[in-house]
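S.K.: need a 3D model of the following:
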Amino acid sequence: MKSIGILGSTGSIGTQTLDVIDALPGKFYIKYLTSNQNTELLGEQALKYKPDIVCIAMEEKRGELDTILAGTDINITSGRNALLEVAGRNDVNLVMNGLVGAIGMEPTIEAVKAGVDVALSNKESMVMAGGIINELLKKHSGNLLPVDSEHSAIWQCLTGENNDQVKCIILTGSGGPFRTKPKEEFSLIKREEALQHPNWDMGNKITIDSATMMNKGLEVIEAHWLFNLNADQIDIVVHPQSIIHSMVEFVDGSVKAQLGVPDMKLPIQYALTYPDHYSTDWENLDLTAIGRLTFEKPDFEKFPCIQLAYDALEKGGTFPVVLNVANDEVVSAFLNDHIPFIQIPQLIAEALDQHEFIENPDLETISEISQWTTNYIHEQITTFA
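M.R.: Take a look at the predicted model:
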């Protein structure tokens, strides 16, 4: 039985991870669960799965969790430092990092240092600290297992292949809810519209990233670190049906693709059960019912976040850090009705232009640049308001 810890168990990835575990009885034991602030759901999960420890990152919520779990022998911890301590436990076989945004980077690093396998949904970890994480992986015994559907697809397509023979990888994207919307109407986009993804059921932050197509930009940077590829070896193709999750083209012109229904439980399950594919009752792919698969070039003019990400990868250093943190902050601002949709890429671009570039940032520098970026965006939002 494989022991698992779940970072962000009350979020979209966390709850779907528990669905996968429920569908494979007897194969997993949950060692710990964490949440940022959802004490009610975390408490329900703890009572059902009986982990050794639960952690609520928002310390002021600790009392609520104490009440819910009163009378149990489950260890309760709280706060950011407690979260990092839990992430660094070496008594688990695998950590699922389902945290959203830049806050997920340090827990990834702690888990890697502990030498455990990390199923990584938090793409921001690699965007901000891919080089540092890869160096740590060389020193410790754990593995990084991609959970994003696109990177899981590339990972599966590369199985048994010689990476030196890869010409490029092709990340597919649905195009989000505004693929066909004229650019002239972007100033009228409301939060409710942006949260209506045509294919995927995801958390709010990543759904907005899909609407701006920043998710594809972040995936480009993550792919660079995961698969050791240059920016010019990573392409994006808009695929509205979301059936082909990504492709690999080899130097001889051969292309391999991984297909499946748009359901995050599939890449989650593969990361949990790797290298095995287990039978479950998830929906199966029926190509005859789908009828056709179509492809388009991404519109860099309508979705400037894609180019911002490519540029940040090319420039390197602290540019991806600023890109990532600025995106976190402006998406939060949009979701809270503080800025319009069209302001998202504009504020990110300003932060990139204004920051003091450092070529080889260490973790302390990443933290400092992250704080500068947060402060800068907050100042701009206040000015805008």
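S.K.: check which helices and strands the host helix or strand of residue 211 sits against.
M.R.: Per DSSP states H and E: residue 211 is located in helix 204-212. Where contact means 3 or more Cβ pairs under 8 Å, 6 or more residues apart in numbering; DSSP states H and E, helix 204-212 is packed against helix 191-194, helix 214-227, helix 319-335, helix 343-354. Every residue, glycine included, has its C-beta placed from N, CA and C.
S.K.: which outside residues touch the shortest one?
M.R.: With contacts defined as Cβ atoms under 8 Å, 6 or more residues apart in numbering, helix 191-194 is touched by 177-178, 207-208, 211, 334-335, 337, 341.
S.K.: closest to residue 323 among those?
M.R.: residue 208 (15.1 Å; Cβ to Cβ).
S.K.: that closest one contacts residue 332, correct?
M.R.: No. If you go by Cβ atoms under 8 Å, residue 208 and residue 332 don't touch, sitting 9.2 Å apart.
S.K.: low-confidence ranges, the chain, go.
M.R.: Counting by pLDDT under 70, the chain has low-confidence residues at 200-201, 383-385.
S.K.: still on that earlier bit, can I get the buried part of the contacts of helix 191-194 as one ChimeraX selection?
M.R.: Applying 16 or more other Cβ atoms under 10 Å to the contacts of helix 191-194 leaves a buried subset, and the ChimeraX line that selects it is:
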select :177,178,207,208,211,334,335,341
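S.K.: of the contacts of helix 191-194, closest to residue 103?
M.R.: For these, the nearest to residue 103 is residue 335 (15.9 Å; Cβ to Cβ).
S.K.: who's in contact with the closest one?
M.R.: Taking Cβ under 8 Å, 6+ apart as the contact definition, residue 335 lies against 191, 204-205, 208.
S.K.: ditto for residue 287
M.R.: Going by Cβ under 8 Å, 6+ apart, residue 287 touches residue 243.
S.K.: can you check residue 278 too?
M.R.: Residue 278 makes contact with 24, 27, 269 under the criterion Cβ under 8 Å, 6+ apart.
S.K.: please apply the same query to residue 72.
M.R.: Residue 72 makes contact with 46-47, 50 under the criterion Cβ under 8 Å, 6+ apart.
S.K.: quick one: distance of the helix holding residue 211 to the chain centre.
M.R.: Between the centre of helix 204-212 and the centre of its host chain there is 11 Å, according to Cα atoms, centre = their mean, to the nearest Å.
S.K.: with stretch 358-365 instead?
M.R.: With Cα atoms, centre = their mean as the basis, the distance from the averaged C-alpha position of stretch 358-365 to the chain average is 22 Å.
S.K.: could you work out the end-to-end span of it for me?
M.R.: Counting by Cα to Cα, to the nearest Å, the length from the leading to the trailing residue of stretch 358-365 is 8 Å.
S.K.: what's next to that stretch, contact-wise?
M.R.: Contacts made with stretch 358-365 from outside it, assessed by Cβ under 8 Å, 6+ apart, are listed as 109, 129, 132, 316-318, 321, 369.
S.K.: repeat the analysis, applying 10 Å as the threshold.
M.R.: 105-106, 109, 128-129, 131-132, 315-321, 366-370 (Cβ atoms under 10 Å, 6 or more residues apart in numbering).
S.K.: buried ones in that stretch?
M.R.: Of all the residues in stretch 358-365, those buried under the rule 16+ other Cβ under 10 Å are residue 361.
S.K.: next: stretch 79-92.
M.R.: 82-84, 86-89, 92.
S.K.: using PDB, list the CA coordinates for it.
M.R.: Written as PDB, here are the backbone C-alpha positions of stretch 79-92 (Å, rounded to 0.1, in the frame of the first residue of the first chain):
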ATOM      1  CA  GLY A  79       0.500  28.000   9.900                       C
ATOM      2  CA  ARG A  80       2.900  28.400   7.000                       C
ATOM      3  CA  ASN A  81       5.900  26.900   8.800                       C
ATOM      4  CA  ALA A  82       3.800  23.900   9.800                       C
ATOM      5  CA  LEU A  83       2.800  23.400   6.200                       C
ATOM      6  CA  LEU A  84       6.400  23.400   5.100                       C
ATOM      7  CA  GLU A  85       7.200  20.900   7.800                       C
ATOM      8  CA  VAL A  86       4.500  18.600   6.700                       C
ATOM      9  CA  ALA A  87       5.600  18.900   3.100                       C
ATOM     10  CA  GLY A  88       9.100  17.800   4.100                       C
ATOM     11  CA  ARG A  89       8.100  14.600   5.800                       C
ATOM     12  CA  ASN A  90      10.000  11.600   4.600                       C
ATOM     13  CA  ASP A  91       7.600   8.900   5.800                       C
ATOM     14  CA  VAL A  92       5.400   9.000   2.700                       C
END
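S.K.: I appreciate the help and will end here.
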